[in-house]
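J.: generate coordinates for the sequence data below:
(chains A, B, C and D)
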There are 2 protein chains.
Amino acid sequence: MPPTEVTLKDIARAVGKSVATVSKALRGHEDISPETRAFIAQTAAEMGYTPNITARRLQKKRTDAIGLILPVQSARQADPFFTELLTGIANEVARHNFDLLVSARTPGEDEQAAYRRLAAERRVDGLIVAQPRRNDWRIEFLTANNIPFVVVAHQPVPPHPAVWVNTEAGILQAVIHLVEENRRQIALIAPPADLLFHQTIIRAFGNAIAAQPELSGGIISDLTDMSQKEGYRAAQHLLAETPPDAILACHDLVAMGAMKAAQDQGFEIGDDIAIVGFGDILLAEYSQPPLTTIHRPTDVLGRSACRLLLANINAIEATPSPTQIDPWLVVRQSSNLEFWV
Amino acid sequence: MPPTEVTLKDIARAVGKSVATVSKALRGHEDISPETRAFIAQTAAEMGYTPNITARRLQKKRTDAIGLILPVQSARQADPFFTELLTGIANEVARHNFDLLVSARTPGEDEQAAYRRLAAERRVDGLIVAQPRRNDWRIEFLTANNIPFVVVAHQPVPPHPAVWVNTEAGILQAVIHLVEENRRQIALIAPPADLLFHQTIIRAFGNAIAAQPELSGGIISDLTDMSQKEGYRAAQHLLAETPPDAILACHDLVAMGAMKAAQDQGFEIGDDIAIVGFGDILLAEYSQPPLTTIHRPTDVLGRSACRLLLANINAIEATPSPTQIDPWLVVRQSSNLEFWV
DNA sequence: ATTATAAACTTAAACGTTTAAGGTGTCAAA
DNA sequence: TTTGACACCTTAAACGTTTAAGTTTATAAT
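T.: Presented below is the predicted three-dimensional model:
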């Protein structure tokens, strides 16, 4: 490392040309002769030049960075969904030479400060908003302040740019599967009511049930978050009275909590009761029994959201990439009688 | 949002003072009269001024940002350890008004580019390096380029600044617990050999075994990563021949894979065989059976690392915060006979 | 009446880039 | 021999801050 950073000025001095020439040479402009271009490029390399992106940013008025604010419950909390989303976004971002700024905040006042920081102070060119809520102030804030963003959701969020998983299709597949497994009373453990996902999944569930005349369905709708703990609690209540023969959970973590509750009450999962999750987090396959679940291709979701955002801020030309992502059902032991023959 | 960003110049024009005065007023310098200071502050607020951090950065030659590069195996991969670490770091970073830049890369060539980008191009003031490897080129690179960093590890990494979990103590607790549970042959499933953690845990395990005369220990040491899949594979081999009566895994995910392997081979976990993990990820409590594990306070690790890094780059004054973090054993059903009485 | 001190500013340069506009020299065409 | 046209390069301004050094005015000390 040079004792002091090498700048364009240093190179200019070294090659005996002006700073402008050096800049243009390095950026490959047409009006610099090939020889000069090559000479400058070589000198720059020899001197160990790396551009100062801060200066570039100031001049270009773009940060070439996007932001993601993770809603976390506690310092410990780490919803695998967000992690996978993050990985997807990070990968895509890297391909386009952008930076990803991450903030972890508990929803509330604190979160607002984070949005103001990233967005109003223009630390980023745009943001990805995950898990939209009812009357989401984040969306209102970003809209009002004219800051580009893309929502990652479970259904379209007009009029805002969004990428979403086709919840309707996923739920329908799950319900059909349960019917084929001869389940007749399905209980849905719905997400917290302040999430848009709440309405989406309840509607999808209602439609799916309505399409199968022999089915009856119930809905648990008092979750405060989508954690194992809440899943445990919800299932506990559910099973205490007249237990359904299938549970459809809004999140794999919730499903895992529900499984534990059922096991603690002596149910044989996959036999006495079927349990289906949503998400297909990595651990779903390794739960005991392995969890049947609706696979949500979260990394694809992240990549698409990222691409859409970059297109919207004119960083890349718009590609007609799909905004609706189809999930699919992954059948494992928690819902499958064959494993119990 | 203003049609165009409000700058110091605009405020200067509005209050009829120079740009320098406005700047100094807003930063609370002594040589601006209280009245002017107040007036400027008010005007700035009214005009909706937010400082342009890019300009500030250029001038100050600091980015007020740190970086974290997550090693990921695939787009899907999402080791809960890193997620928790990330959350811890993000939280601490926010408290000091710093930004956190995150990159997700598969170890290798790709990863190098990410380091060069963040570090050499000075997008960040410093980096946190997690999961150090043998002859870690990342550490060499950062050292050679004079870029501040802190390592998150499982033992000290002299001469580099680091924060580590007291692996020795954790492993000892686990082994003592297993002895009390009347286990006599303990197998360690060690991390991949290229990680420093590999040596650390093997030494700790060796010492712990040596301290208990009645014990015999074996070591599996061919993992390619710390995943459930690898845990499954390792345990499968282990159990095929002369099964130990306890397995100590280097990571909860590995332990979960091992549990599944054991179950698939008809072992009753906690009875026929005890399994102990390392990390205490959130899901450990919800596995079936719940996993006994060495609790690694990952978020604390992240916070401490962050604080140490910030102190090293003179962003905060050094606090004598501990660099060695003590883990503790959490006993659950996977190793506890009492559950089986 | 002079000088020093202090308070409250302003000027100007700097941080490292990019780029529009302008300049110079060469060569070909008229 | 003039006139473009072109290739190649330079000048200068700009992006929005911060801050060292300088200026002005008022006041106090000699």
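
J.: for the rest of this, base every contact and every neighbour count on C-alpha atoms.
T.: Noted.

J.: give the contact list for residue A:213.
T.: Residues counted as contacts of residue A:213 (CA atoms under 8 Å, 6 or more residues apart in numbering or on different chains): none.

J.: tell me the pLDDT at it?
T.: Residue A:213 carries a pLDDT value of 84.

J.: which of the residues in stretch A:155-175 are buried?
T.: Within stretch A:155-175, the residues that count as buried by 16 or more other CA atoms under 10 Å in any protein chain shown are A:155-157, A:161-175.

J.: no wait, stretch A:136-154
T.: Going by neighbour count (16+ other CA under 10 Å), the buried part of stretch A:136-154 is A:138-139, A:141-142, A:147-154.

J.: ok, stretch A:206-219 next?
T.: A:206, A:208-209, A:215, A:217-219.

J.: of those residues, just say which sits nearest to chain B.
T.: Using CA to the nearest CA, residue A:219 is the member of those that lies nearest chain B, at 23.4 Å.

J.: quick one, grab the pLDDT at the closest one.
T.: Confidence score, pLDDT, at residue A:219: 92.

J.: please apply the same query to residue A:20.
T.: pLDDT at residue A:20 comes out at 94.

J.: and it, what helix or strand is that in?
T.: helix A:19-26 (DSSP states H and E).

J.: is that helix positioned near DNA strand C?
T.: Yes - using CA under 7 Å from any atom of the strand, helix A:19-26 reaches DNA strand C at A:19-21, A:23-24.

J.: selecting buried members of those residues in ChimeraX, what would you type?
T.: Restricted to buried positions by 16+ other CA under 10 Å, the ChimeraX selection for the residues of helix A:19-26 next to DNA strand C reads:
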select /A:19,21,23
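
J.: ok and the residue in the stretch 151-300 of chain A nearest chain B?
T.: Closest to chain B within the stretch 151-300 of chain A is residue A:288: 5.3 Å, counting by CA to the nearest CA.

J.: residues contacting the closest residue to that residue other than its chain neighbours?
T.: Leaving aside its chain neighbours, residue A:288 sits nearest to residue B:288 (5.3 Å; criterion: CA to CA, 6 or more residues apart in numbering or on different chains). Residues in contact with residue B:288 (CA under 8 Å, 6+ apart) are A:260, A:287-289.

J.: swap in 10 Å and give it another go.
T.: A:256, A:259-260, A:263, A:286-289, B:256, B:259-260, B:269, B:333-334 (CA atoms under 10 Å, 6 or more residues apart in numbering or on different chains).

J.: outline the domain layout of chain A.
T.: Chain A breaks down by automatic domain parsing into domains covering A:65-165+A:298-323, A:167-297.

J.: mind checking which of the buried residues of stretch A:206-219 are in strands?
T.: A:217-219 (DSSP state E).

J.: possible to save these as CSV with distance to DNA strand C?
T.: Output for those, formatted as CSV (distance: CA to the nearest atom of the strand, whole Å):
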residue, distance to DNA strand C
A:217, 60
A:218, 59
A:219, 57
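
J.: which residues are in contact with stretch A:25-40?
T.: With CA under 10 Å, 6+ apart as the test, stretch A:25-40 has contacts from A:8, A:11-12, A:14-15, A:17, A:19-24, A:41-46, A:51.

J.: now do that stretch, average pLDDT.
T.: The average pLDDT for stretch A:25-40 rounds to 92.

J.: ok, now stretch A:297-317?
T.: 89.

J.: stretch A:99-112 too?
T.: Rounded mean pLDDT across stretch A:99-112 is 85.

J.: on that earlier part again, per-residue confidence for the residue of the stretch 151-300 of chain A closest to chain B?
T.: For residue A:288, the predicted pLDDT is 81.

J.: ok so, going back, mind listing which of the buried residues of stretch A:136-154 are in helices?
T.: A:138-139, A:141-142 (DSSP state H).

J.: keep only those residues that also lie close to chain B.
T.: The residues of these that also fall near chain B, by CA under 10 Å from any CA of the partner chain, are residue A:142.

J.: identify, from the ones in helices among the buried residues of stretch A:136-154, the entry nearest to residue A:180.
T.: For those, the closest approach to residue A:180 (CA to CA) belongs to residue A:139, at 40.9 Å.

J.: what sits against the closest one?
T.: Residue A:139 sits next to A:129, A:132-133, A:145, A:147, A:149-151, A:160 when contact means CA under 10 Å, 6+ apart.

J.: do residue A:160 as well
T.: Contact analysis of residue A:160 by CA under 10 Å, 6+ apart lists A:139, A:143, A:148-151.

J.: ok, so of the contacts of residue B:288, who is nearest residue A:96?
T.: Looking across the contacts of residue B:288 and measuring by CA to CA, the closest to residue A:96 is residue A:286, at 34.7 Å.

J.: isn't the closest one up against residue B:264?
T.: No - counting by CA atoms under 10 Å, residue A:286 stays clear of residue B:264, with 11.5 Å between them.

J.: of the two, give the one with the bigger neighbour count.
T.: Shown here are residue A:286 and residue B:264; by other CA atoms under 10 Å in any protein chain shown, residue A:286 has more neighbours (22 against 12).

J.: before we move on, back to that, distance to DNA strand D added to the domains of chain A, as TSV?
T.: Listed next are the domains of chain A as TSV, based on distance: least, CA to the nearest atom of the strand, whole Å:
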stretch	distance to DNA strand D
domain A:65-165+A:298-323	9
domain A:167-297	36
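
J.: hang on, residue A:151 packs against residue A:128?
T.: Yes - Residue A:151 lies in contact with residue A:128 (CA under 10 Å); the separation is 5.9 Å.

J.: overlap in contacts, those two.
T.: A:162, A:305-306, A:308-309.

J.: could you identify the pair within these that is furthest apart?
T.: Longest span within the shared contacts of residue A:151 and residue A:128, CA to CA: A:162 and A:306, 10.2 Å.

J.: which residues are common contacts for those two?
T.: Joint contacts of residue A:162 and residue A:306 (CA under 10 Å, 6+ apart) are A:128, A:149-152.
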